[in-house]
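> starting from these lines, generate the structure:
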Amino acid sequence: MKRAILAVWLALAALGASAAERLVVTVRHELKAARPAETITVPWSEVARRLPGALLHQLAVRDAGGNLLPYQITNVAPLARDPKNEGIAYGELIFQHDFAADEQSARFTVEKTTTVAPPFPVKAFARYVPERLDDFAWENDRIGHRTYGQALAAPAPPGSDKEVLVASGVDIWFKRPSYLIVDRWYNKGHDHYHKDEGEGLDMYAVGRTRGAGGTGIWNGSRLFVSRNYAAWRVITNGPVRAVFELTYDKWDAGGVAVSEVKRFTVDAGHLFDTVESTFSTATPQTLTVALGLNKKPAYPEQAPTVAAYRAPDTLMQWVRQRSAGDFGVAILLPGADGYAADPDNELILVKAKTGQPLRYYLGAAVDWSSEIPTAQAWQGYVEAYRKRVASPIRVEIGAE
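Reported below is the predicted structural model:
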């Protein structure tokens, strides 16, 4: 009898101890629609305050059903802020949840553990690609992209067949599998990733255009654009989210010297990336910023037909091709106040103050997926994502 009572007491004590080592995250939203792969961020300062001594490799994140969720912890603060190596310099705890159409709140717990959490499969990734003329490439489990560095813009040595391209547009890599393909495709080589060998292909044409969402400064009749990016910085790199910055050196925007830093946030499970562009000039001012989509985004041998659509805060295209697959491209620009075009690009416009981040969203999809087989389906997806952006989640943190 005494042993039974002791066993019950020990179980209750253990339960109480685990409750003290746990915080509760409640997420709510107002949108009456599904939110697949919703990314939830919790400031690490809150985790450290409620779970003293917590470390990134000894945590468990669980949903309401007790299921373990993949998570990520960013660590971008200087080491000097964490002299005792207690993990207090971490930035955010990141995980995801698929909200059903009728699910407007969800509850999660974060617990300290004594066991080591193994690495989770990486679903968001970005890297500098020095082996291909300073490309910078990124992807998640659904879509890939790249843009171009200074080496591609450098003059070709005498007698060389090196490609020379001055371009700051955004390229798209349409992938079939959910696993990462950037390294595999660069290893295969340029001639191979322009053919579909079972994993998808690069079938998007950028050239000197804005590609799939590049920026520029619009003076009412002409677009002024930067050269290839000059510097890069990876801030965090999966498994759930990748964040990186690209810096564009000063260029002449009609008599005004402008520079730009772009910060990309790439989340697993999304067809859209979040981008924040911060423009700088010698003196503070308001610029008319243009984001563009290439008017001829497919190669001529595919006999493409391109349809462009304008909607509130939105510019999108649907491209039909002979055999490679049809695809859609879109820009979501909250606060957009106009549209324009030049010989190469469809443009969406917005006023932006220098020194303040301008946030927008770049997306693409291909009809290989049964989710988006038509232009109408793409328009519906883009509009649903626009509403999702306009109705963000709320994260509440408490103790259990």
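
> for the stretch 51-200 of the chain, what spans make up the helices?
For the stretch 51-200 of the chain, applying DSSP state H, counting those that start in this stretch gives helices covering 150-153, 182-188, 190-193.

> export those helices as a markdown table, with columns for mean neighbour count, mean pLDDT and distance to A54.
For glycine as for every other residue, the C-beta is placed from the backbone atoms N, C-alpha and C. A markdown table is the format used below for these (neighbours: other CB atoms under 10 Å; pLDDT from 0 to 100; distance: least, CB to CB, whole Å):
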| stretch | mean neighbour count | mean pLDDT | distance to A54 |
| --- | --- | --- | --- |
| helix 150-153 | 16 | 91 | 42 |
| helix 182-188 | 16 | 95 | 32 |
| helix 190-193 | 14 | 89 | 42 |
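
> how about CSV for these, with distance to L165 added?
Below are the helices of the stretch 51-200 of the chain laid out as CSV (distance: least, CB to CB, whole Å):
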stretch, distance to L165
helix 150-153, 5
helix 182-188, 17
helix 190-193, 13
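
> so for A137, which of those sits nearest?
Closest approach to A137 among the helices of the stretch 51-200 of the chain (CB to CB): helix 182-188, 4.7 Å.

> before we move on, back to that, between the helices of the stretch 51-200 of the chain, which gets nearest to P239?
For the helices of the stretch 51-200 of the chain, the distance to P239 is smallest for helix 182-188, at 14.8 Å, taking CB to CB.

> and the closest one, what does it pack against?
Packed against helix 182-188 by the contact rule (3 or more CB pairs under 8 Å, 6 or more residues apart in numbering; DSSP states H and E) you find strand 124-129, strand 135-140, helix 190-193.

> deepest of the ones you listed, which one?
Comparing the helices and strands packed on helix 182-188 by mean neighbour count (mean count of other CB atoms under 10 Å), strand 135-140 comes out on top with a mean of 23.

> could you give the angle of that strand to strand 124-129?
170 degrees (axes from the mean of the first three to the mean of the last three CA atoms, to 10 degrees).

> what about the residue lying closest to A324 once chain neighbours are set aside, distance to K250?
Counting by CB to CB, 6 or more residues apart in numbering, M203 is the residue found nearest to A324 once chain neighbours are left out, at 4.9 Å. Distance, M203 to K250, by CB to CB, to the nearest Å: 33 Å.

> so these two - more neighbours on which side?
M203 (23 against 16; other CB atoms under 10 Å).

> A helix includes that one, no?
No: counting by DSSP: H, G, I helix; E, B strand; the rest coil, M203 falls outside a helix, being coil.

> could we number from 124 for the rest of this?
In the new count, where the first residue is 124, that last one comes out as M326.

> what strands line up against the helix or strand that contains I454, and which way round?
Using DSSP states H and E, I454 sits in strand 450-455. Counting by DSSP bridges, the strands paired with strand 450-455 are strand 437-443 (antiparallel), strand 481-489 (antiparallel).

> what about the shortest one, average pLDDT?
For strand 437-443, the mean pLDDT works out to 98.

> stretch 403-411 now?
Average pLDDT, stretch 403-411: 97.
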